[in-house]
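S.K.: I'll drop the sequence and a predicted model, then ask my questions.
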Amino acid sequence: MYTAAVITISDKGHRGERVDTSGPNLVHILKERGYDVTYTAIVPDERDAIKAELIKCADELHIALVLTTGGTGFSPRDITPEAAMDVIERPTPGIPEAMRAESMRITPKGCLSRSVAGIRKRSLIITLPGSKKASQENILAVIDPVEHGLDMLYSEGSADCAK
């Protein structure tokens with residue numbers, strides 16, 4: 001199976017003022033699905049810090065699936081999507097579209113998510129909401145097609161899309 005990383009974006013979590021529940025929950029979900037979670041981190045809501053973590057995961061650690069949790073809302077400090085788009089080479093808009101569609105089935109506030117996704121080198125980066133509940137709902141909405149996407153990303157030609 002593929003390697004994965006989970007990066008929590010939280011000023012309070014980084015300072016030790018809040019216990020991170022979404023990051024460990026995402027690690028649990030990924031491990032249940034057979035992913036080898038080789039890297040986790042908690043960083044503040046700082047654009048350069050977020051970019052550095054994403055670049056490290058993609059360029060240095062060669063992690064297949066990189067999930068972030070936090071910083072996708074409307075708060076002035078919520079800049080995770082912008083930081084991610086700074087490093088993403090090829091956007092994959094269908095992933096956050098599917099996550100928002102699933103969220104809208106649960107709450108009309110789902111349309112407020114600013115999550116993004118895309119590819120850097122051979123890493124798929126997906127930004128998720130910061131709450132444990134919302135991040136779980138969002139990743140579970142796309143985890144099956146994401147695995148097929150990784151198969152295509154890591155194939156030498158193209159993965160068999162007819163399956």
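M.R.: Everything's here; your move. For clarity, every value in this text was computed on a predicted model and none was experimentally measured.

S.K.: drop to CA atoms for contacts and neighbour counts, all remaining ones
M.R.: OK.

S.K.: residue 141 contacts residue 104, doesn't it?
M.R.: No. Residue 141 lies out of contact with residue 104 (Cα atoms under 8 Å); the separation is 11.7 Å.

S.K.: neighbour count winner among these two?
M.R.: Neighbour count, other Cα atoms under 10 Å: between residue 141 and residue 104, residue 141 has more, with 19 against 14.

S.K.: surely that one is within a strand?
M.R.: No. Read with DSSP: H, G, I helix; E, B strand; the rest coil, residue 141 is helix and lies in no strand.

S.K.: spatially nearest residue to it, not counting backbone neighbours?
M.R.: residue 99 (5.9 Å; Cα to Cα, 6 or more residues apart in numbering).

S.K.: go through the host helix or strand of the one you found and flag the buried ones.
M.R.: According to DSSP states H and E, residue 99 maps onto helix 94-106. Residues of helix 94-106 classed as buried by neighbour count (16 or more other Cα atoms under 10 Å): 95, 96, 97, 99, 100, 101, 102, 103.

S.K.: isn't there a helix covering residue 134?
M.R.: Yes. Counting by three-state DSSP, residue 134 is part of a helix.

S.K.: then the helix or strand bottoming out on mean pLDDT in the chain to PDB, C-alphas only?
M.R.: When the helices and strands of the chain are compared on mean pLDDT, DSSP states H and E, helix 11-14 comes out lowest with a mean of 94. Extracted in PDB, the C-alpha atoms of helix 11-14 (Å, rounded to 0.1, in the frame of the first residue of the first chain):
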ATOM      1  CA  ASP A  11      -1.900  27.700  16.200                       C
ATOM      2  CA  LYS A  12      -3.200  26.400  19.500                       C
ATOM      3  CA  GLY A  13      -2.200  22.800  18.800                       C
ATOM      4  CA  HIS A  14       1.300  23.900  17.900                       C
END
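
S.K.: that helix - contacts with which helices or strands?
M.R.: strand 36-43 (3 or more Cα pairs under 8 Å, 6 or more residues apart in numbering; DSSP states H and E).
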